[in-house]
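> What follows is a protein structure lacking sequence information:
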């Protein structure tokens, strides 16, 4: 009875499953509420033989930072998603924990980004400093060295369609990071005209400064799905780089 009352404070619940991911212990707890079943995850950073830091008790999803077993990006909802610089209305937050410094940073609140997007290796800079947390209508650049995040998506005027009333929309595709890992490339796409399905797209290629998040429009063109030559839609494999700056694909 005492354990049930003090469950959250004392941490006396028994996890249903425990696994090791990087230098983190992940404890899974089954949750049943309002006819739905899910899991919450407790994340514990392990340092050496005895060092343990409880990062959160209520992670919804997480991703170990590429090539760094002591850093983790996770999403938390509910009690852990307290006051935020993004306002009180969003229930969930994306967070970053740096196990080298034992510091936790807020990336953003209410972000429309699936954690599975981080499985894409192009999201991570080669120098290990930056990661692009991006999806169709979201873009946040996280500096894992400082914990600072910038969100330049508003400047790109990203917006979803509402068929049939509103066919014109703008969505983002993350491209890649430059070889030096300081600049990124992103493509903003919008339908060239009304009608479904969309085969013809207008594309804008942007350079993204990893430190400041500043955007620079590099080039624009119109391409077709399945097109070739000048009518081919741009792909990250076609990017060219000059001193860290992206050049229009040929």
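That came through fine. Keep in mind that this is a model prediction, so the values were computed, not measured.
> Please name the nearest non-neighbouring residue to the residue at minimal distance from the centre of the chain.
Computing the C-alpha centroid of the chain and ranking residues by C-alpha atoms, centre = their mean puts residue 133 first, at 2.6 Å. Leaving aside its chain neighbours, residue 133 sits nearest to residue 140 (4.4 Å; criterion: C-beta to C-beta, 6 or more residues apart in numbering). Backbone N, C-alpha and C define where each C-beta goes, glycine included.
> which parts of the host helix or strand of residue 107 are buried?
Residue 107 is part of strand 103-109 when elements are defined by DSSP states H and E. Applying a neighbour-count criterion of 16 or more other C-beta atoms under 10 Å, one finds 105, 107, 108, 109 buried in strand 103-109.
> Does anything pack onto the longest strand along the chain? Which helices or strands?
Taking DSSP state E as the assignment, the strand of the chain that covers the most residues is strand 51-64. Packing partners of strand 51-64 (3 or more C-beta pairs under 8 Å, 6 or more residues apart in numbering; DSSP states H and E): strand 24-33, strand 36-47, strand 71-77, strand 92-98.
> buried set for it?
55, 56, 57, 58, 59, 60, 61, 62, 63, 64.
> okay, the fourth one: pLDDT?
The score at residue 58 is 90. That number is its pLDDT.
> Relative to residue 104, how far out is the closest residue to residue 102 other than its chain neighbours?
Distances taken as C-beta to C-beta, 6+ apart place residue 53 nearest to residue 102, at 5.7 Å, with adjacent residues excluded. For residue 53, the distance to residue 104 equals 9 Å [C-beta to C-beta, to the nearest Å].
> what's the answer for residue 151, then?
Distance from residue 151 to residue 104, by C-beta to C-beta: 18 Å.
> Please apply the same query to residue 190.
Distance from residue 190 to residue 104, by C-beta to C-beta: 37 Å.
> next one: residue 221
42 Å.
> what sits against residue 145?
With contacts defined as C-beta atoms under 8 Å, 6 or more residues apart in numbering, residue 145 is in contact with residue 129.
> So it: helix, strand or coil?
Under DSSP: H, G, I helix; E, B strand; the rest coil, residue 145 falls in the coil class.
> Against residue 121, how distant is it?
Residue 145 is 19 Å from residue 121, by C-beta to C-beta.
> And residue 60, by the same measure?
23 Å.
> Flag the shaky bits of this structure, pLDDT-wise.
For the chain, the stretches flagged by pLDDT under 70 are 1-12, 32-38, 79-90, 164-165.
> And the helix or strand just after the strand holding residue 107, what's buried?
Following strand 103-109 in sequence order, the next helix or strand is strand 130-135 (DSSP H and E). Neighbour-count burial for strand 130-135 flags 130, 131, 132, 133, 134, 135 (criterion: 16+ other C-beta under 10 Å).
> Out of those residues, which is nearest to residue 76?
Of all these, residue 76 sits closest to residue 133, with 14.8 Å by C-beta to C-beta.
> who are the neighbours in contact with that closest one?
73, 94, 107-108, 111, 113, 117-118, 123, 139-142, 149.
> Thanks again, I'm all set now.
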